[in-house]
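1. Sequence and predicted structure, then a few things I'm wondering about:
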Amino acid sequence: MRGAILGDIIGSPYEFDMGGKTKIFPLFIEESKFTDDTVMTIAVADALLLAQEYGFDDDEEKTKAMLAKSMRKWGRMFPYKGYGSRFNHWLNDPSAGPYGSFGNGSAMRVSSAGWLYDSLEETRKHAKWTAEVTHNHPDGIKGAVAAASAIFLARSGVAQEGIREYIEKAIKYDLSYTLDEIRPSYRHFESCEYTVPEAVTAFLEGRDFEDVIRNAVSLGGDCDTLTCIAGSIGEAYFDVPEDLKQECRNRIPADMNAVLDRFDKARLPRIDCHDRSLSDFWKPAGNMPEAQDAPQKAGFLDTVIKFFTKK
């Protein structure tokens, strides 16, 4: 989760191409602050941890109720952090249900699900639940499942090329473009379909955690969220250097650090040697229907109305 939070903080000043689409920039400046991405990452982790602690984490209805309660609680504790208009309405209306969003908010908040379960199947299931409380459009679910699955495989010792294969074949994201090919025309998109593949590519071309972060920031666009997702996968694969872990602790409040401390005790271990086979975790028959059947890219109408389905 620290990778997600650091990605949010480091990426936040460079949103809307403010970083000049370069990998050369200071990691932290005065404007480097956490946004809604961090708040909701903490909220989802808090909810999933409580579901485990109370023994109902396999109960979909109760877990979703806990997720909604936690997200509203944390969102109200930290208002004005960049929530999209429809999500902000949901936060402040306890009776509101999921609203069909395919925004990238479902993928930016899901990182804890990649660490708390001992199988890819359980990881995908819980990632799906975290999305569905708001982002129940197939693309919103697909983005959350992709991010959590990549984290699970990365921390389980699968090599980058194995993770690429899974995301391409099981999730059906197109990862054929390099960062150099993506960067010139990439703009501010808030949909999963135009954020998660790019975040995964930033991870796949990374040599270490910091390089993943710099890759993601260099693309521009919705930079805090893009880098949040890339950083969450980068942490699982490379780990986070100790000095950056301390930066993370210093830049978020005590109540968020308390959730991180609980998470550290509950999360499953990370394997540093990436020699595990993808086939140990996934066979082609294991595709998730909601991911496999979702459209490859949002259509023109979806691109237009994405502005009304913000994070």
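-> Received it, and whenever you're ready, just let me know what you need. Residues are numbered from 1 along each chain as shown.
2. Tell me who's in contact with the residue nearest to the spatial centre of the chain.
-> Note on the chain: the residue nearest the mean C-alpha position is Met108, at 3.0 Å, using Cα atoms, centre = their mean. Contacts for Met108 (Cβ atoms under 8 Å, 6 or more residues apart in numbering) come out as Ala4, Asp8, Asp37, Met40, Thr41, Ala147, Thr225, Cys228, Ile229, Lys311. Every residue, glycine included, has its C-beta placed from N, CA and C.
3. same question, Leu179
-> So Leu179 contacts Thr201, Ala202, Glu205, Asn215, Ser218, Leu219 (Cβ under 8 Å, 6+ apart).
4. Return the residues in contact with the last one.
-> Translated: Leu219. Neighbours of Leu219 in contact, by Cβ under 8 Å, 6+ apart: Lys21, Leu179, Ile182, Arg183, Tyr186, Glu198, Ala202, Leu226.
5. for the helix or strand containing Gln52, packing partners?
-> Element membership for Gln52 (DSSP states H and E) is helix 36-53. Applying 3 or more Cβ pairs under 8 Å, 6 or more residues apart in numbering; DSSP states H and E, we find helix 36-53 packed against helix 2-11, helix 60-77, helix 105-108, helix 120-132, helix 223-238, helix 254-266.
6. one more time with 7 Å, if that's ok
-> helix 2-11, helix 60-77, helix 105-108, helix 223-238, helix 254-266 (3 or more Cβ pairs under 7 Å, 6 or more residues apart in numbering; DSSP states H and E).
7. Next, find the distance separating Lys23 from Cys228.
-> Per Cβ to Cβ, to the nearest Å, Lys23 is found 17 Å from Cys228.
8. whoops, I mixed them up, Leu50
-> For Leu50 relative to Cys228 (Cβ to Cβ), the value is 22 Å.
9. for Ile24, same thing?
-> 21 Å.
10. try Gln246
-> Here the criterion is Cβ to Cβ. By it, Gln246 lies 19 Å from Cys228.
11. low pLDDT regions in the stretch 201-311 of the chain?
-> 285-311 (pLDDT under 70).
12. Could you save the contacts of Leu179 as a markdown table and add columns showing secondary structure and distance to Ser101?
-> As requested, the contacts of Leu179 are exported to a markdown table (DSSP: H, G, I helix; E, B strand; the rest coil; distance: Cβ to Cβ, whole Å):
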| residue | secondary structure | distance to Ser101 |
| --- | --- | --- |
| Thr201 | helix | 23 |
| Ala202 | helix | 23 |
| Glu205 | coil | 29 |
| Asn215 | helix | 26 |
| Ser218 | helix | 27 |
| Leu219 | helix | 22 |
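13. Looking at neighbours, which among the residues you listed is most surrounded?
-> The most crowded member of the contacts of Leu179 is Ala202, carrying 28 neighbours; neighbours defined as other Cβ atoms under 10 Å.
14. If any of the contacts of Leu219 are buried, give me the PyMOL selection for them.
-> To isolate the buried ones among the contacts of Leu219 in PyMOL, judged by 16 or more other Cβ atoms under 10 Å, type:
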select buried, resi 179+182+183+186+198+202+226
